[in-house]
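1. dropping the sequence and predicted coords here.
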Amino acid sequence: MVEKPKMREVPVREAIGMMLPHDMTQILPGEFKGRLFKKGHIVTAEDIEPLLSIGKEHIYVLDMPEGFIHEEEAGVRIAQAVSGQGLTLTEPYEGKVSMKAVWQGLAKINEQAVHALNALEGIAFSTIYGDQVVKQGDTLAATRIIPLIIEEARIAELEKLASSFEHPIVEVKPFQKKRIGLVTTGGEVFSGRIADKFGPVIRSKVEALGSEVVEQRFAPDDKEAIEREIKWFLEQGVDLVLATGGMSVDPDDRTPGAIAGVGAQIVRYGTPMLPGSMLLVAYHGEIPILGLPGAVMHEPFTSFDVFLPRILAGEKIEQPDMTRLGYGGLRKC
Ligand SMILES: Nc1nc2c(c(=O)[nH]1)N[C@H]1C(S)=C(S)[C@@H](COP(=O)(O)OP(=O)(O)OC[C@H]3O[C@@H](n4cnc5c(N)ncnc54)[C@H](O)[C@@H]3O)O[C@H]1N2
Ligand code: MOO
């Protein structure tokens, strides 16, 4: 158990001219929750009633023991110890320091490190789930210590532990601007019988992350024709090839065979996420080639939305990335 620090108790009416030892919170359900007084505020006669209204009959004057630091300094040090690129720290508020994205990118959170740091007594370090897209200004993590003061040595221990991990524990990886080739398969689209609905969806998803579809080419349900279009993009030196449709069980679903046919290494065909279970991820050398099933066209969040941001942040998708989507992966079926 963390012991509470010893403090001198002063009745609030006698506290005029004294300094508050921490931020003081007011909660009026449905109206207000926040800091009524900031740490370091000097109590005046006008403050007596507001202090009494939030239940402060006394204020406590902190005599800081040797070797201890205040919650605000501790919060800043923890945040500095865990944060890497793309983050800015907020000022302490009620002892809490938050880490916010300075640019749009992929949130990277080292889960193992988060658990290790939180196993230290008196530490509260809270994060969002990693590998999701964050916008500028989004909060990825926040931290505070549980007591008002803590031994400095315990924060030094946390800093040492944090630096033992290979990468920063929290960071925002920026997206790279990639050139993407789009191959749309399906005889009904190729012949003009129906209008293409995949192109606009894919363009808007990749543009939202700062990349571009350099060209969209069409192929009928013919393995050689699909291979020809994929190869054409590879020869143009695109950074990523996306092939849409023809990913399911029908004999004329030829896209997986064509991706293998151009000599790409298949990471996996199929992932346990719904929607988007018929997704295929492959690599031709360093160039990713994805086969996108029908659901990507009409569902707002599929397995494609899990992997596209990671690829655009320069990450390589491996088999375990695909197989572990099952837990929590049932979004819609
Ligand atoms: N018996 C089974 N049936 C289905 C399975 C299965 O495993 N067993 N999987 C289902 C899943 S999951 C998906 S997703 C769909 C379809 O996947 P495909 O990628 O093969 O899609 P297609 O067959 O090519 O097309 C389906 C549907 O979408 C229309 N389409 C396709 N591309 C376009 C485009 N560019 N623009 C407009 N419309 C497009 C197409 O005309 C079809 O109507 O299979 C499930 N079934
Ligand atoms: O692969 Mo389908 O895309 O799950 O609906």
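-> Everything's here; your move. As the structure is a computational prediction, the values presented were derived from the model and not from experiment. Numbering: from 1, shown residues only. Ligands and ions are numbered 1, 2, ... in the order given.
2. for the residue nearest to the spatial centre of the chain, give its distance to Gln216.
-> Nearest to the mean C-alpha position of the chain, by Cα atoms, centre = their mean, lies Ala107 at 3.1 Å. Ala107 is 30 Å from Gln216, where distance means Cβ to Cβ, to the nearest Å. Any C-beta I mention is one placed from the backbone N, CA and C, and that applies to glycine too.
3. and if you look at Gly181?
-> To Gln216, Gly181 is 8 Å away according to Cβ to Cβ.
4. the more surrounded of those two?
-> A direct count of neighbours by other Cβ atoms under 10 Å for Gly181 and Gln216 places Gly181 higher, at 25 against 19.
5. where does that one sit: helix, strand or coil?
-> strand (DSSP: H, G, I helix; E, B strand; the rest coil).
6. what pairs with it across the strands?
-> Here Gly181 sits in beta bridges with Glu215, Val241, as judged by DSSP bridges.
7. test my guess that it contacts Glu215.
-> Yes: between Gly181 and Glu215 there is a contact at 6.3 Å, judged by Cβ atoms under 8 Å.
8. give the residues shared as contacts by the two.
-> Jointly contacting Gly181 and Glu215 under the rule Cβ atoms under 8 Å, 6 or more residues apart in numbering are Phe233.
9. give the contact list for the closest residue to ligand 2 within the stretch 201-333 of the chain.
-> Going by Cβ to the nearest ligand atom, ligand 2 is nearest to Ala295 of the stretch 201-333 of the chain, at 2.8 Å. For Ala295, the contact set (Cβ under 8 Å, 6+ apart) comprises Pro275, Gly276, Ser277, Met278, Thr302.
10. pLDDT wise, what is the spatially closest residue to Val189 that is not a sequence neighbour at?
-> Once flanking residues are discounted, Val189 sits nearest to Asp196: 5.1 Å by Cβ to Cβ, 6 or more residues apart in numbering. pLDDT recorded at Asp196 is 98.
11. wait, Asp196 touches Glu188, no?
-> No: assessed by Cβ under 8 Å, Asp196 is found out of contact with Glu188, at 9.9 Å.
12. quick one on the thing from earlier: wait, which of the contacts of Ala295 is closest to Ile226?
-> Distances from Ile226 to the contacts of Ala295, taken as Cβ to Cβ, are shortest for Met278 (15.5 Å).
13. now the closest one: closest residue in space, sequence neighbours ignored.
-> Of all residues not flanking Met278 in the chain, Pro293 sits nearest, at 3.7 Å (Cβ to Cβ, 6+ apart).
14. list phi and psi for the one you found.
-> Backbone geometry at Pro293, expressed as degrees, to the nearest 10, gives phi -80, psi 170.
15. for Leu36, same thing?
-> phi -90, psi -40.
16. now the closest residue in space to it that isn't next to it in sequence: how far from ligand 2?
-> Distances taken as Cβ to Cβ, 6+ apart place Gln26 nearest to Leu36, at 4.1 Å, with adjacent residues excluded. Distance from Gln26 to ligand 2, counting by Cβ to the nearest ligand atom, to the nearest Å: 49 Å.
17. also Tyr129?
-> 22 Å.
18. name the nearest residue to that residue, ignoring sequence neighbours.
-> Ile109 is the one closest to Tyr129 (Cβ to Cβ, 6+ apart), at 7.0 Å.
19. wait, what's in contact with that neighbour?
-> Thr127, Ile128, Tyr129, Gly130, Leu140, Ala141, Ile169, Val170.
20. mind giving me the PyMOL select for these, buried ones only?
-> In PyMOL syntax, the buried subset of these is picked out as below (16 or more other Cβ atoms under 10 Å):
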select buried, resi 127+140+141+169+170
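21. what's the most distant pair in the contacts of Ile109?
-> Longest span within the contacts of Ile109, Cβ to Cβ: Tyr129 and Ile169, 14.0 Å.
22. show me the shaky parts of the stretch 201-333 of the chain.
-> For the stretch 201-333 of the chain, applying pLDDT under 70 flags the ranges 333.
23. which residues in it form strands?
-> Ranges of strands in the stretch 201-333 of the chain, per DSSP state E, counting those that start in this stretch, are 212-219, 240-244, 265-269, 280-284, 287-292.
24. nearest to ligand 1, of those?
-> With Cβ to the nearest ligand atom as the measure, strand 240-244 is the member of those nearest ligand 1 (5.5 Å).
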